[in-house]
Structure formats: C-alpha cells, structure tokens
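Enquirer: quick check, what structure comes out for this input:
(one chain, ligands or ions: 2)
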Amino acid sequence: MKATVGNEEIQEKLFSMSSNGKGAANGSIEEGLNGLQFDGKDKSPRSNMDKKPSSPMMPAFMTSAPGKVIVYGEHAVVYGKAAMAAAISLRSYLLVTALSKSQRTITLRFPDISLDHTWEIDALPWSIFSDPAKKKYYYDLVTTLDPDLVAAMQPHISDVTPHAAPETRKIHQAAASSFLYLFLSLGSQKFPGCIYTLRSTLPIGAGLGSSASICVCTSAALLLQIRILAGPHPDQPRDEAELQIERINRWAFVGEMCIHGNPSGVDNTVSTGGKAVIFKREDYKRPPVVTPLRNFPELPLLLVNTRQSRSTAGEVAKVGSLMKAQPEITDSILDSIDKVTESAHRVLSDRSFGKNSHNSAETFGELIKINHGLLVSLGVSHPRLERIRELVDSTGAGWTKLTGAGGGGCAITLLKPDVESEVLKDLEERFVAEDFERYKVTLGGDGVGVLWPAVLRNGSEEEGGEEIDQEKFLNADGRDGVERLVGVGVHEKREGWKFWR
Ligand SMILES: Nc1ncnc2c1ncn2[C@@H]1O[C@H](COP(=O)(O)OP(=O)(O)O)[C@@H](O)[C@H]1O
Ligand SMILES: C[C@@](O)(CCOP(=O)(O)O)CC(=O)O
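Expert: Numbering: from 1, shown residues only. Ligands and ions are numbered 1, 2, ... in the order given. Just a heads-up that it's a prediction; the model follows:
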C-alpha cells in the first residue's frame, strides 16, 4: 500500500459510506453518540444521523495510541528523506467522560505533567474558528497552522498555569494548545461538557513519540465524538479502516504542529497505524508516502533512556540552524542518512533476508552505527547518549544509536545474535549504576485503539466487566498500574479494545 489518499477521494468515500449506512460507526459507538450535537454545517454526511432520538449522555470511553522508535532516518525525515520506524508497546491512554448538560466546561486532567485546566466552552473563540474563510473540516488536509487561529487561542493558553515555572509552562501550554486547536477545529459551541483524562506509560520528551501519541488519542476521541469515524469493527473492509486511520492521522499531525512547530509526521503516522513503516514526505502540501514493512523482523533491541530531558522542537531547530550556517554540508549529511535508510529497506526487502541471521544483524548493525555517527555530526547527540554507546561498545554486545530527536532522550542498541547473557547482565547493571533507565518493549504492535464504553475484563469478578472511571484511572499506580488497569498489548489480549486493522 502507498497510503496517499486524496482529499476528494476521502470526501467521496465518506458520503458513500454514510448513504448506505455501512460506514456508520459500529453499533454501540453510534448509539452512545446519539445524544451529542454537532456543528450544523451540512457539508458533512452526519445530517441523517442527527435526526435520531437523543439519549441522555454518552458513556465514558477511552482511546489509546502507541509511541514509536525511529530505527533509521530521524531529522533527515523532516527534510523529505525516508525514515524507518516501528510502534512500541508503551502507550498513552485518554479517558473521555461527559458532563451533565448544564456543565458547559472542558477540563484537561493530565497528571503526568501535573496539568489540570478547565475552559468555559462558551468563552472559547468559536466565531473565528467557524468563520467560512477559516473553517476546516474533518476531511481537510491541514498542513500549516493558521496564525490568526493560533492568536485567537492565545488568551486561553496564557490562562493555563500562569504561575508555573517557565519550563513547566512550556510543557503545559504545548499540551493545552494541541488539544485546544483540535477541539476548536473539529468541535462546535454545542459540544457537550467533558473531562479528558490522560495518562501515558511513555517517558515524556525522550524520543519515543509521547507528543504524537497524545495527539493521536485526542484526534481519535474528538472524531469519535463528532461521529465521523466508522468502527473499528472486526469485519470492517480494509479500505474503510485505512480511511479512518488517515483521518485520525491528519488531525494528529495538526496537534503535533502545535507542539513541535515543524514535525515530519512520522511519529503520528506510526502512532496511528501501528506496525512498522518506511515514511517519506517530500511535499508538505501532500500526504506522505507510507510503505508498511510487513516482514519487519523481531529485532532484539535494548531501549535505554538517558533521563536527560529535551524538547523535539529544540533539537529540530538546532538542525535548522546548522542548515542555515552550512547548507551544503548539512544537505550531504542528510543525504547520507537517507542512503542508510534506503540500504536498510533494501536489506529487508531482499528475499534472502533472515536466512542468515548473523549476516542480517551485521548489516543492520553497521547501518545503525553509521546513522548514529551522522546524527552526531548534525549536533544532536549528548554526552549521556555517548556514554550509553561507550558502555555497549566496550562489551561488544551490539550497535547503538540515538533514537528520536536526540539531545538526550533514548538510545537503541541492536544486540548481536550471539551475545552472552552474562555480558547483558553486566551491561544492565552498569546502566542502573549510572542512572540510565532500561525499557522492555515489543515492536510493531497495534496503532490507535478505542475502548467503547470504558469497560474491561481485568480478571476481576465484576459482572459485565470492570468500569474504568476517572477515580480508578487517576489512582492507578504509575506506569505498571496504568498497564494493569487498561493496558493494551503488554499482558494478555484484553477484551474490549478495538483497532482499525
Ligand atoms: N503524558 C503526557 N501528558 C501530557 N502531555 C504530554 C504527555 N506526553 C507528552 N506530552 C506533551 O508533549 C510534549 C513532549 O513532546 P516532544 O518534545 O516531542 O517529546 P517526545 O519525543 O516524547 O514526543 C510535552 O512537553 C507535553 O506538552
Ligand atoms: C527529529 C524527528 O525526526 C523525530 C522526533 O521524534 P521525537 O519527538 O523525539 O519522538 C522530528 C520529526 O520527524 O518530526
């Protein structure tokens, strides 16, 4: 598949799906949404559905989306080169709880960053967001933020934790802006009051795509609330599922623009679709070309966090400055990174791939080493990342590179097939002693998922399953607690979570 779905094509598919009723959201989701009201713009295929009798309140529901590792090609991907990336089993989880009709507020409860903020729905700048000259629809391809809309949002963003330290405010305001831009673009003043509670098992600002995963959760939740997503349901035709994924991804990209400034879109694409892909966006006015890697190997990867925080926007800006100062050299480094990614893709596509695991690992490993060297030349490594590489190199256990934006964050090590367990144990002890954090993750899992309503079988005896309410979700103890309560893909397959596949 080359996932390049045009705007008109999407519109056409949407209309045909709604007219035969087949594309409508799956039974339970659609029923649950009947009580909601929408923007009254008859451009959308929702008008027939709107006539259904209203039910009092939408049940609480959840969305979830994974983080990712970039195996090859970060930074170069911002300049139109290819990147290879895979979803990981660490994820974000968003619980949406509707308020009673009289409560006209939207609350963000994001405890991972200690953010708790409420907006009055009626005080938000609806008029400019719904101005026909500005209005964007769920099927639009938005590739830049509208400066007037960003300015209109500003007073409502400045309101968010005004007395926090500047670093904390940045983190809060980035998360709040991405939510609010999507909310005002996709919602309407008639939107019901809601609380959006978010928790993540991903480290924040560590190169694993935490921002993309929260944007995907928000995009999916809002698109579900405005009732334009069909499914996910088990017998959903593939092209319909792909269309849903495409829509969620487009709006997640808009959220990412609010956080990053200049994202390539690789993070939100992997977070939405899951699995592993080659991603390339040569023209920002057009959708990216996304090539699924169906034979992506089960790479024996070590994923280690320096615990050195940084922001993606800052690291991307560093490369931007280098490009200005040294355009030819920077260009040629980015071209070399592109060649590394292409080579890795060629190796994967080769029929003989995997027949000799030693040779395959050597080739991938060499490419990892080269890619890291090129990222060092771009100026996006960090002494803590170099320390991880040194520790691994001194044992000969494998090949190491930074992953994501760098400047701190995480490193990946591809382990040699014959590495001895004693060597690994020693290495892990060194990591602990030097305050690095090691994650155990699986690669290539599902993308965005929905739990509608927010009820799971958690091994409890509760009849009909365990309802996930705000209190339980907020009280889950750390990363493990969240995974135990609502986790996708780590423990046994959970009944309830559904994915567009
Ligand atoms: N769990 C979370 N809760 C709230 N906001 C989050 C969460 N995870 C990420 N974010 C938002 O995303 C930003 C981090 O984005 P970024 O610098 O791109 O790092 P990453 O490499 O993890 O994506 C944070 O400053 C915050 O605004
Ligand atoms: C540096 C970059 O290529 C990857 C950033 O990944 P992360 O936000 O550090 O997880 C930027 C991008 O692709 O938008």
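
Enquirer: correct me if wrong, but residue 290 is in a helix.
Expert: No - read with DSSP: H, G, I helix; E, B strand; the rest coil, residue 290 is strand and lies in no helix.

Enquirer: who does it bridge with?
Expert: Beta-bridge partners of residue 290, counted by DSSP bridges, are residue 279.

Enquirer: so what's the residue count around it?
Expert: 23 (other C-beta atoms under 10 Å). In this view, the C-beta of every residue, glycine as well, is placed from N, C-alpha and C.

Enquirer: isn't it right next to residue 273, touching?
Expert: Yes - Residue 290 is in contact with residue 273 according to C-beta atoms under 8 Å; the separation is 7.2 Å.

Enquirer: give me the distance between residue 418 and residue 256.
Expert: 40 Å (C-beta to C-beta, to the nearest Å).

Enquirer: what helix or strand is residue 337 located in?
Expert: Residue 337 belongs to helix 327-349 when assigned by DSSP states H and E.

Enquirer: and that helix, what other elements does it pack with?
Expert: strand 61-72, strand 83-98, helix 312-325, helix 357-378 (3 or more C-beta pairs under 8 Å, 6 or more residues apart in numbering; DSSP states H and E).

Enquirer: which stretches of this protein have low pLDDT?
Expert: 1-56, 354-357, 459-462, 489-493 (pLDDT under 70).

Enquirer: ok so, going back, who has more neighbours out of residue 418 and residue 256?
Expert: residue 256 (27 against 8).

Enquirer: residue contacts, the spatially closest residue to the more buried one that is not a sequence neighbour?
Expert: What sits nearest to residue 256 in space, not counting adjacent residues and going by C-beta to C-beta, 6 or more residues apart in numbering, is residue 263, at 4.2 Å. By C-beta atoms under 8 Å, 6 or more residues apart in numbering, the contact list for residue 263 reads 78, 212, 253, 256, 257, 312, 316.

Enquirer: can you tell me the element residue 263 falls in?
Expert: Using DSSP H and E, residue 263 falls within no helix or strand.

Enquirer: winner for burial among the helices and strands packed on helix 327-349?
Expert: Of those, the one with the most neighbours on average (mean count of other C-beta atoms under 10 Å) is strand 61-72, at a mean of 28.

Enquirer: direction included, what does that one pair up with?
Expert: Checking strand 61-72 against DSSP bridges gives partners strand 83-98 (antiparallel), strand 449-451 (antiparallel).

Enquirer: gap between the shortest one and the chain center?
Expert: Strand 449-451 has its average C-alpha position 14 Å from the chain's average C-alpha position, going by C-alpha atoms, centre = their mean, to the nearest Å.

Enquirer: ditto for the first one
Expert: Its chain's average C-alpha position is 6 Å from that of strand 83-98, according to C-alpha atoms, centre = their mean.

Enquirer: and residue 285, how many neighbours?
Expert: 8.

Enquirer: what's the neighbour count on the closest residue to it other than its chain neighbours?
Expert: Excluding the flanking residues, the one nearest residue 285 by C-beta to C-beta, 6+ apart is residue 143, at 5.7 Å. By the criterion of other C-beta under 10 Å, residue 143 has 16 neighbours.

Enquirer: domain ranges for the chain?
Expert: 61-282+447-499, 298-443 (the TED database).

Enquirer: name the helix or strand for the spatially most central residue of the chain, please.
Expert: Geometric centre of the chain, nearest residue: residue 213, 2.5 Å, by C-alpha atoms, centre = their mean. Following DSSP H and E, one finds residue 213 within helix 210-225.

Enquirer: between that helix and strand 61-72, how many degrees?
Expert: Per axes from the mean of the first three to the mean of the last three C-alpha atoms, to 10 degrees, the angle that helix 210-225 makes with strand 61-72 is 140 degrees.

Enquirer: now the closest residue to ligand 2 within the chain: phi and psi?
Expert: The chain approaches ligand 2 most closely through residue 404 (2.9 Å), counting by C-beta to the nearest ligand atom. Backbone torsions for residue 404, taken as degrees, to the nearest 10, come to phi 90, psi -150.

Enquirer: and the strands paired with strand 61-72: which comes nearest ligand 1?
Expert: Going by C-beta to the nearest ligand atom, the one of the strands paired with strand 61-72 nearest ligand 1 is strand 83-98, 5.8 Å.

Enquirer: after the closest one comes which helix or strand?
Expert: Remark: after strand 83-98, the chain's next helix or strand is strand 105-110, criterion DSSP H and E.

Enquirer: which strands or helices does that next one pack on?
Expert: Going by 3+ C-beta pairs under 8 Å, 6+ apart, strand 105-110 lies up against strand 115-120, helix 166-186, strand 194-200.

Enquirer: so how far is that strand from its chain's centroid?
Expert: Counting by C-alpha atoms, centre = their mean, strand 105-110 comes out at 20 Å from the chain centroid.

Enquirer: chain neighbours aside, what residue packs nearest to residue 338?
Expert: Closest to residue 338 by C-beta to C-beta, 6+ apart is residue 81, at 3.8 Å.

Enquirer: for the one you found, which three-state class applies?
Expert: coil.

Enquirer: what's around residue 154, how many residues?
Expert: 13.

Enquirer: and it, that's in a helix?
Expert: Yes - counting by three-state DSSP, residue 154 is part of a helix.

Enquirer: interface residues of the chain facing ligand 2?
Expert: Residues of the chain lying close to ligand 2 (C-beta under 6 Å from any ligand atom) are 70, 74-75, 77-78, 207-209, 211, 260, 263-264, 266-267, 312, 316, 404-405, 409.
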